[in-house]
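Novice: My questions are about this predicted structure, shown below with the sequence.
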Amino acid sequence: MLEGVKFINEMNLKSKKVFIRVDFNVPVKNGVIQDATRIDEAMETISYAKNEGAKVILASHMGRPKGSVKPELSLKPVAEYITGRYFYTCFAEDCIGESVKKNVSNMEDGEVLLLENLRFHPEEKANDPDFAAKLCEFCDVYINDAFGSSHRAHSSVDGLPRKCSEKAAGFLMKRELEYFDMLVNNPERPFYAVLGGAKVSDKIGVIESLMDKVDKILIGGAMAYTFLNVLGVKTGKSLVENDLFNTVEKIIRKADDKNMKIVLPVDHICSTEFNGKPEYVDKRDIPDNLMGLDIGNKTVELYKKELSDAKIVMWNGPMGVFESKDFCKGTFDIAEYLGSLGAVTVVGGGDSVSAVKKAGVSGSIDHISTGGGASLELLEKGTLAGIEALKT
Ligand SMILES: Nc1ncnc2c1ncn2[C@@H]1O[C@H](COP(=O)(O)OP(=O)(O)O)[C@@H](O)[C@H]1O
Ligand SMILES: O=C(OP(=O)(O)O)[C@H](O)COP(=O)(O)O
């Protein structure tokens, strides 16, 4: 996995423009960062480059702005956070263009500049070579410290490093890859996966090959309702992805063939709308006027029992809408249980990590990964687009 990858401490950074792709896709509410784990975890790399006398240029995406400027997805609060907690970080109003060029050319050694959201330009996601060439102007040395985004073959993760001769992984990336190397190559058994969250279409594709790596899969969150629906359970107004039915049918068939358990919720906390009043539904079927927003107590107890003999548990995706006090219990109960379980526990994903921290059990989890989709894909394929681009 790590063969052929250089690390930042092997590079000469002095007086160079060091472009660091970070994953600062953190939850922000009314301009206030709700969980800064991803920023804090990248600080070792950023401080190292700064102390080595580099001109440090930081670049990230935030959310999914679909290629246009969305002020609520600006990275400005991140620059303010780093300035307030660590050291002064200048903010550029864009990530390419004349004014950014001027900003960069005025930088002194040891200064830090954060560029605006890369995804405000559709070319980032399209892995457009011209966009990569524009970013390349700010890049004598390229560093990838964006583990959580490294499964995306986008310009800043793939096209740009392929254009650079001097490139390496940062310290966050190194920590993540060393941990996952053990999970991919030599995991203890039984090894269980707990999946949930809302990025259903992104993650469902990974499940089929994940079934060859783990011994049991427990599903909660929005993902559960597409599975339940395919099994003929009534899912009411819950988030169901009709175009994934074929994929789910394939997964269920494969589970049958392998005699492998996919465990699904047996009760739910529902509501008529996202911010509505919570209603307990004491069975699998959900009435037509309700949507499932959290797993119920019976499901929590079932999942605890199913996890009790695990040697390794990997968790990605909250069990419900944990941001709301009415729909957070299932997620927090599972988090607490994992914290008390005598198994190796790995939690990945921006929201999942935030949930574990809110539940107050992050200290009892063995590895807090900054990537959800990335860690699943790494487990599936043994590599990521961003790792491969560093090897060229
Ligand atoms: N039943 C549900 N219906 C709708 N959204 C849900 C449900 N369960 C969880 N979610 C949402 O999933 C989001 C997190 O999903 P995701 O991004 O896939 O996780 P992660 O960031 O950990 O990888 C949270 O914002 C949460 O509110
Ligand atoms: O939050 C992220 O992924 P995750 O929710 O799977 O951990 C990464 O920043 C990637 O974001 P994306 O899934 O919009 O490409």
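Specialist: Done, it's in. Numbers count the residues shown, from 1 in each chain. Ligands and ions are numbered 1, 2, ... in the order given.
Novice: where does the stretch 201-350 of the chain come near ligand 2, residue by residue?
Specialist: Contact residues, the stretch 201-350 of the chain versus ligand 2 (Cβ under 6 Å from any ligand atom): 349-350. Heads up, the C-betas are built off the backbone N, CA and C, glycines and all.
Novice: burial count for whichever residue of the stretch 51-200 of the chain sits closest to ligand 2?
Specialist: Closest to ligand 2 within the stretch 51-200 of the chain is Gly148: 4.2 Å, counting by Cβ to the nearest ligand atom. Neighbourhood size, Gly148 [other Cβ atoms under 10 Å]: 26.
Novice: In three-state terms, label it for me.
Specialist: helix (DSSP: H, G, I helix; E, B strand; the rest coil).
Novice: residues touching it, list them.
Specialist: With contacts defined as Cβ atoms under 8 Å, 6 or more residues apart in numbering, the neighbours of Gly148 are 23, 25, 38, 349-350, 370-374.
Novice: quick one, strands of the stretch 1-150 of the chain?
Specialist: 17-21, 28-29, 32-33, 55-59, 90-91, 112-114, 141-144 (DSSP state E, counting those that start in this stretch).
Novice: To clarify, my last question referred to the stretch 251-392 of the chain.
Specialist: 261-263, 268-271, 279-281, 291-295, 312-316, 344-348, 367-369.
Novice: Those: which one's closest to Arg64?
Specialist: strand 312-316 (17.9 Å; Cβ to Cβ).
Novice: Show me what the closest one is packed up against.
Specialist: On a contact count with 3 or more Cβ pairs under 8 Å, 6 or more residues apart in numbering; DSSP states H and E, strand 312-316 meets strand 191-195, helix 329-340, strand 344-348, helix 373-381.
Novice: Switch these over to CSV; also include distance to ligand 1 and mean neighbour count.
Specialist: Listed next are these as CSV, based on distance: least, Cβ to the nearest ligand atom, whole Å; neighbours: other Cβ atoms under 10 Å:
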stretch, distance to ligand 1, mean neighbour count
strand 191-195, 9, 24
helix 329-340, 8, 22
strand 344-348, 7, 24
helix 373-381, 6, 23
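Novice: Quickly, which of these bottoms out on average pLDDT?
Specialist: Ranked on mean pLDDT, the bottom entry among those is helix 373-381, at a mean of 90.
Novice: give the contact list for whichever residue of the stretch 1-150 of the chain sits closest to ligand 2.
Specialist: Of all residues in the stretch 1-150 of the chain, Asn25 sits closest to ligand 2, at 3.4 Å by Cβ to the nearest ligand atom. Contacts here follow Cβ under 8 Å, 6+ apart; on that basis Asn25 touches 38, 60-63, 148-149, 350.
Novice: Show me how the record splits this protein into domains.
Specialist: If you go by automatic domain parsing, the domain ranges for the chain are 8-173, 187-380.
Novice: Nearest to Met1, out of those?
Specialist: Closest among those, once you apply Cβ to Cβ, is domain 187-380, at 8.0 Å.
Novice: can you count the residues close to Asn242?
Specialist: Asn242: 8 neighbours (other Cβ under 10 Å).
Novice: Tell me the predicted confidence for it.
Specialist: 94.
Novice: mind checking how far it is from Lys258?
Specialist: 26 Å (Cβ to Cβ, to the nearest Å).
Novice: go on, Val28?
Specialist: 41 Å.
Novice: more crowded one of these two?
Specialist: Using other Cβ under 10 Å as the criterion, Val28 and Lys258 rank with Val28 on top: 21 against 11.
Novice: show me the contacts for the closest residue to that one other than its chain neighbours.
Specialist: Among residues not flanking Val28 along the chain, Pro77 sits closest, at 5.6 Å (Cβ to Cβ, 6 or more residues apart in numbering). The contact partners of Pro77, by Cβ under 8 Å, 6+ apart, come to 28, 31-33.
Novice: Nearest to Asn289 among those?
Specialist: Val28 (32.6 Å).
Novice: For that closest one, name its beta-bridge partners.
Specialist: Counting by DSSP bridges, Val28 is bridged to Ile33.
Novice: Quick check, it in contact with Asp35.
Specialist: No. In this structure Val28 lies outside contact range of Asp35 using Cβ atoms under 8 Å: 9.6 Å.
Novice: residues contacting the nearest residue to Arg119 once chain neighbours are set aside?
Specialist: In space, and not counting its chain neighbours, Arg119 is closest to His61: 4.3 Å by Cβ to Cβ, 6+ apart. Residues in contact with His61 (Cβ under 8 Å, 6+ apart) are 23, 25, 117-119, 124, 149, 154, 156.
Novice: Repeat that for Gly292.
Specialist: 224-225, 235-236, 238, 265, 268-270, 281, 286.
Novice: again, but for Ala385
Specialist: Here Ala385 is in contact with 150-153, 157-158 (Cβ under 8 Å, 6+ apart).
Novice: How about Asp181?
Specialist: 1-2.
Novice: at 6 Å instead, please
Specialist: Asp181 makes contact with Met1, according to Cβ atoms under 6 Å, 6 or more residues apart in numbering.
Novice: hmm, back to that, now list the buried members of the contacts of Asn25.
Specialist: 38, 60-62, 148-149, 350 (16 or more other Cβ atoms under 10 Å).
Novice: can you put these in CSV and add pLDDT?
Specialist: Below are those laid out as CSV (pLDDT from 0 to 100):
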residue, pLDDT
Arg38, 95
Ser60, 98
His61, 98
Met62, 98
Gly148, 96
Ser149, 98
Gly350, 84
